[in-house]
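>>> Pasted the sequence and its predicted model underneath.
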Number of protein chains: 2
Amino acid sequence: MISKIWKKMTKLSWVRKIMNDIILTLKENSWNIINMSAWNPLVFIEHEQLWKKHTKLLLSSDEFVNIIWRYWSSKWYNPLIQALKKYFKDEFSYIAENENILITTGSQSMFFYAINAFAWKTQDSNFKKVFLPQSPDYTGYNSMWLDENMFISIPPKPVKVAKHSYKYKLDITNFPDIKDVGIIILSRPCNPTWNVLTDEEMQQIYDYTEWTDIPIFIDSAYGTPIPNLVYTDMKTKFYKNTIYSMSFSKAWLPWERIWVAIWNSKIIKVLENFHANLSIMSSRFWQALVASALSNWDLKEISKNIIKQKYKAKFDLVNKYLEKYMPDNISWYKHKVEWAMFVFIWFENLLVTDDELYGLLKKRGVLFVPWNTFFNGIDKNKIKHSKECLRLSITVWDEEIKKAIKILSKVVSEVYN
Amino acid sequence: MISKIWKKMTKLSWVRKIMNDIILTLKENSWNIINMSAWNPLVFIEHEQLWKKHTKLLLSSDEFVNIIWRYWSSKWYNPLIQALKKYFKDEFSYIAENENILITTGSQSMFFYAINAFAWKTQDSNFKKVFLPQSPDYTGYNSMWLDENMFISIPPKPVKVAKHSYKYKLDITNFPDIKDVGIIILSRPCNPTWNVLTDEEMQQIYDYTEWTDIPIFIDSAYGTPIPNLVYTDMKTKFYKNTIYSMSFSKAWLPWERIWVAIWNSKIIKVLENFHANLSIMSSRFWQALVASALSNWDLKEISKNIIKQKYKAKFDLVNKYLEKYMPDNISWYKHKVEWAMFVFIWFENLLVTDDELYGLLKKRGVLFVPWNTFFNGIDKNKIKHSKECLRLSITVWDEEIKKAIKILSKVVSEVYN
């Protein structure tokens, strides 16, 4: 007999159902399908060269032996901590101490520690929830709470900003009673929507928590300083009670599980104890390679001069094709471009659900991701917007983007008419 | 306000208190202290050569690119699964399928999934416990349960087998009512005791669960086939409802977190879902290196011809010094040597506690590990044996072993007289 926790933690979430459907479709039909659902980052020869170079450097240094065999200090690999401190000082003039930084084995594990440390039943028998101020937001958060009804969100507030463009605004008027909140989580830039919360909106969130010690976790997986796929003028401000977290997955290390949490040392301490019991440590070998690539600025150079430019070229192309091929007379809106990797499109007053649209597009040979499940914690039957959005990956070949958008245009024209 | 879970998960356990004391002592006094408490495995030049060789092979192969950038298939790195299947077939004539194997990021995370999936509150509102049939057993299990009172153990049964030697026997007569048990966990070989449960004792445990589907998790971190530090004639039998798990930490990869769980596919499925949500994946780079080292038999050769021989030389030396220097007229017993890495010594009717003995030895410049906390789930005030044992690491220099045992002999002589 399996435990309740297990049932909660492992139910086949909608994203995995869709993933399974996508994998199956690709398997049966790989040559005829354009996969606009992919999670893959773009592939750059520069990344291959970067990591090969640093692997070779490590192989020929005495540090190789230290890295793979030495025990002690399960907390972190010290050269990476020092490289990060220097990096944050140079980038943000932010002076971090050792106790401001924790390296975990990925965002999933860090959010698991954070959510279950700061929400759920507290020691004085209250029940605190996870508050996600953005809906939709990153799908990975959903599987992290051990209990049902552990989170709160608020309805999305899409605001039209041009003929075929909109932007999500933070809806502070709908924020929950702060007494019910144990932790706040958001991604900035927001995956999947192309939205970047403005500095003013961030300030509103800080103001909301001002008289409390509720931690705010800011997931910067796609943000500054690495991989830095942001095209707005966002600032990174080191407010109290915050944890900034950054990934090296989009610097071409999706599988090496190096995730950095930084800032409020009290919160870091809480995470650290959880981490020490559950995960012990990230690959020390890859911590060393990341330290090496950070220290000589290779990673920063690549982020600034290569990744960002190449993604910009991609989304310029996507925009061009959307303008060119999408029907002008129906109410489709792409989210305002504030960072790059996905395109989020809203079809206002769509006559089918997003799941049905996914099916129709699949029949024509294109896979998009319908997004209804990731409108967190809202009544989807009341808020039609939550069933009107698709996410497109922009990392496929240019020709495929063109073809996919043409098909999208055709299918939605048929649906609307 | 921090959650109850957090408090349970992160309380500064005794082992970390001792570790902190050890680290502090070493820091203040490193040149005068012999550290017999270390967790470090022996260092072999052959391991350095092995991992350097396979890293170079990978660097020069096309697979390097695939490994670091490709998304999809978060489940496992397929070549490692295939290498393991071949390995188990050649070693044990055991035919595994893909669904019999899971790679996790370490024993800690696997046991966290296992314990909280199979114990605690079940979906039909029962409360199932973790049963540890050995006491003492591996310390890492202790921090893995999310609730208090989640485990059961039974008093140790030390049986004298020679003048200064004893062995723990499995005490089946004290096993709990099976209705209360959700999962059974044991290490074989047992860390820390030098004990290896016999094939007959394993059979007794299987018989105990025969009419149930309670999983038995066998932690083979030090066992066959890698690193294979076993000197008894133990068999690995693939019974129903079991998960065997093996580590590459003792093959010199303590920090790269490659842990293999193998056998009952239903149990693997349960772990896999938990793993996919929390950890996503072990370093794919190191999975590739392990696959490479397994496939060309390098790892097996090293385990058989180097690691095992060198550890044998070490424990022969420890035995020699114990025989030579320990007082014959007091009742000390080392656990029968059934595998190597630690020595476990029992001082019968010791007039101080093991914690006090730790303190006395520290004053004379030797650090051992007192073991009372790791006698799981028993009333330590009632069972004096639990405060009479020390663990010694055998991985320090030969001269240090000699010196440490001389000091141990002197101190315990003073304590007994």
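In hand now; what should we look at?
>>> what's residue A:401 in contact with, if anything?
When contacts are counted by CB atoms under 8 Å, 6 or more residues apart in numbering or on different chains, residue A:401 touches A:36, A:314, A:317-318, A:321, A:394. C-beta: built from backbone N, CA, C; applies to glycine.
>>> An error on my part: the question was meant for residue A:256.
A:248, A:282-283, A:286, B:68, B:283-285.
>>> and it, what helix or strand is that in?
Per DSSP states H and E: residue A:256 is located in neither a helix nor a strand.
>>> farthest pair in the contacts of residue A:401?
The span of those, defined through CB to CB, is set by A:36 and A:317 at 13.2 Å.
>>> Comparing these two, which residue is more hemmed in?
Using other CB atoms under 10 Å in any protein chain shown, the more surrounded residue of residue A:36 and residue A:317 is residue A:36, with 26 against 15.
>>> Could you confirm whether the helix or strand residue A:115 falls within reaches chain B?
Secondary structure from DSSP H and E places residue A:115 in helix A:107-118. Yes: under the criterion of CB under 8 Å from any CB of the partner chain, chain B is reached by helix A:107-118 at A:108-109, A:112, A:116-118.
>>> and what of stretch A:354-371?
No: Stretch A:354-371 does not reach chain B (CB under 8 Å from any CB); its nearest approach is 13.1 Å.
>>> any idea which residue sits dead centre in chain A?
residue A:191 (4.5 Å; CA atoms, centre = their mean).
>>> That residue against residue A:341, yeah?
Yes: the pair residue A:191 / residue A:341 is scored as a contact, 7.4 Å apart, by CB atoms under 8 Å.
>>> Could you name every residue contacting both of these two?
Joint contacts of residue A:191 and residue A:341 (CB under 8 Å, 6+ apart) are residue A:222.
>>> In terms of secondary structure, what does the helix holding residue A:115 contact?
Counting contacts by 3 or more CB pairs under 8 Å, 6 or more residues apart in numbering or on different chains; DSSP states H and E, helix A:107-118 is packed against strand A:101-104, strand A:181-187, strand A:216-219, strand A:242-247, strand A:259-263, helix A:265-278, helix B:4-10, helix B:265-278.
>>> What pairs with the first one, parallel or antiparallel?
The one in question is strand A:101-104. Strands adjacent to strand A:101-104 in the sheet, as given by DSSP bridges, are strand A:259-263 (antiparallel).
>>> What mean pLDDT does the partner strand get?
Mean pLDDT, computed over strand A:259-263, is 91.
>>> And stretch A:144-154, by the same measure?
On average, stretch A:144-154 scores 81.
>>> again, but for stretch A:275-292
Rounded mean pLDDT across stretch A:275-292 is 87.
>>> Does at least one residue of that stretch sit close to chain B?
Yes: using CB under 8 Å from any CB, stretch A:275-292 reaches chain B at A:276-286.
>>> Can you give me the first-to-last residue distance of that stretch?
Using CA to CA, to the nearest Å, the end-to-end distance of stretch A:275-292 comes to 24 Å.
>>> now that stretch, how far from the centre of its chain.
21 Å (CA atoms, centre = their mean, to the nearest Å).
>>> next one: stretch A:86-99
The answer for stretch A:86-99 is 23 Å, by CA atoms, centre = their mean.
>>> Now do that stretch: distance from first to last residue.
14 Å.
>>> can you check stretch A:91-103 too?
Its first and final residues considered, stretch A:91-103 spans 19 Å by CA to CA.
>>> Report the contact partners of residue A:238.
A:92, A:94, A:244, A:263.
>>> what separates the last one from residue A:76, distance-wise?
Right, the one you point to is residue A:263. Per CB to CB, to the nearest Å, residue A:263 is found 15 Å from residue A:76.
>>> do the first one as well
Counting by CB to CB, the gap from residue A:92 to residue A:76 is 20 Å.
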